[in-house]
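Student: got a predicted structure plus its sequence, pasted below:
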Amino acid sequence: MSRNQPRRSPTEDSATNPPARDPDAAGAESARHINEHSLGEAARIGRLSRIREFVLGAQDGLLVPLGVVTGMAAAQPARSLIIVAGLAEAVAGAISMGGGSYLASRAEEQLYSSEIAAEGREIDQFPQRETDELAIVLEREGLSRERAASVALVLASNPNVFLRTKVQKELGLSADESTAALGDAAVVGATYLGAAIVPLWPYFLFPLGRALVLSLGCTLVALFAVGVAKGRVTRLSLVRSGLQVMIIGTLSAGVGYAIGHIVTTLAH
């Protein structure tokens, strides 16, 4: 090295020539990533999709009791009547929402199961026709006719893979049997009941006027939070998603109060 050439520090050397990665470690990391993403992505998406049940239960659990207690507050009855009406609606609503979610999910699962079973019978009875159908689907997706026919034949050699592929490509369904109906119902019902506490709790502790203001304020904040949670999971604008849900809550409260006020005025 020339005497006039400045000496390079170890930091500069490592920045210019970063140390080579261990091929074995890189291969192990790649294998772990492939295994997790190939086998775990469907489960991860399934867990995230439950946000639909959470948002449904939380939003309705906030909006419907809010409309009930706000409408009754406009009529200015005894505070105990508002509490009883709100609690009755919260419990009945949770049971109704959870039961409705369970029945809808079970009906959907039964429909999918019957369609998958019918596809399996067709494969058993008409294997060549079903193979040709799959080749047409693959060709439509971009494979050449010869390649599509070849891939369809390879898939048809394994009955399980063939059925799963036919179900996914032709029916647009998953061949895995779903057992999410009970879980969906539990999420909707529990979230509804928990969310209903937000517009109700002020009436347990405060006079009617102050309880009404607190109920509205707390519920709107909670609705905004539900919208933000939905936006975070669905990767949408957090503020926009929160405002959308909160605006719906404002309209619900306004309509409930207006109806209560109008009915009280007419009754008097």
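Tutor: Arrived safely, thanks for sending.

Student: okay, residue 173 and residue 205: tell me how far apart.
Tutor: To residue 205, residue 173 is 50 Å away according to Cβ to Cβ, to the nearest Å. C-beta coordinates here come from the backbone N, C-alpha and C atoms, glycine included.

Student: looking at these two, which is more packed in?
Tutor: Summary of the neighbour comparison: residue 173 and residue 205, criterion other Cβ atoms under 10 Å, with residue 173 having more neighbours (18 against 9).

Student: what sits against that one?
Tutor: Shown here is residue 173, whose contacts under the criterion Cβ atoms under 8 Å, 6 or more residues apart in numbering are 112, 115, 116, 167.

Student: whichever of those residues end up buried, select them in PyMOL.
Tutor: Restricted to the buried members of these, where burial is judged by 16 or more other Cβ atoms under 10 Å, the PyMOL selection command reads as follows:
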select buried, resi 112+116+167
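
Student: of the contacts of residue 173, which pair is most distant in space?
Tutor: Put simply, by Cβ to Cβ the two of those set farthest apart are 112 and 167, 8.9 Å from each other.

Student: what residues are shared contacts of the two?
Tutor: 173, 174.

Student: which residues of the stretch 151-268 of the chain fall in helices?
Tutor: 159-166, 181-205, 208-234, 238-267 (DSSP state H, counting those that start in this stretch).

Student: pick out the shakiest of the ones you listed, pLDDT-wise.
Tutor: Of all the helices of the stretch 151-268 of the chain, the minimum mean pLDDT falls on helix 238-267 (a mean of 78).

Student: now it against helix 208-234, angle please.
Tutor: 150 degrees (axes from the mean of the first three to the mean of the last three Cα atoms, to 10 degrees).

Student: so residue 200 sits right up against residue 88, yeah?
Tutor: No. The pair residue 200 / residue 88 is not scored as a contact, 10.9 Å apart, by Cβ atoms under 8 Å.

Student: so for the two, which sits in the more crowded spot?
Tutor: With neighbours defined as other Cβ under 10 Å, residue 200 and residue 88 compare such that residue 200 has more, 23 against 12.

Student: where does the closest residue to the more buried one other than its chain neighbours land on pLDDT?
Tutor: Among residues not flanking residue 200 along the chain, residue 86 sits closest, at 4.5 Å (Cβ to Cβ, 6 or more residues apart in numbering). Per-residue confidence (pLDDT) for residue 86: 89.

Student: work out for me the element residue 86 sits within.
Tutor: Following DSSP states H and E, one finds residue 86 within helix 79-125.

Student: please name every helix or strand in contact with that helix.
Tutor: Where contact means 3 or more Cβ pairs under 8 Å, 6 or more residues apart in numbering; DSSP states H and E, helix 79-125 is packed against helix 51-75, helix 127-140, helix 159-166, helix 181-205, helix 208-234.

Student: what does stretch 209-225 contact?
Tutor: 58-59, 62-63, 66, 69-70, 73, 79, 195, 198-203, 205-206, 242-243, 245-246, 248-250, 253.

Student: so which bits of that stretch are buried?
Tutor: 211, 212, 214, 215, 216, 218, 219, 220, 222, 223, 224.

Student: I appreciate the help and will end here.
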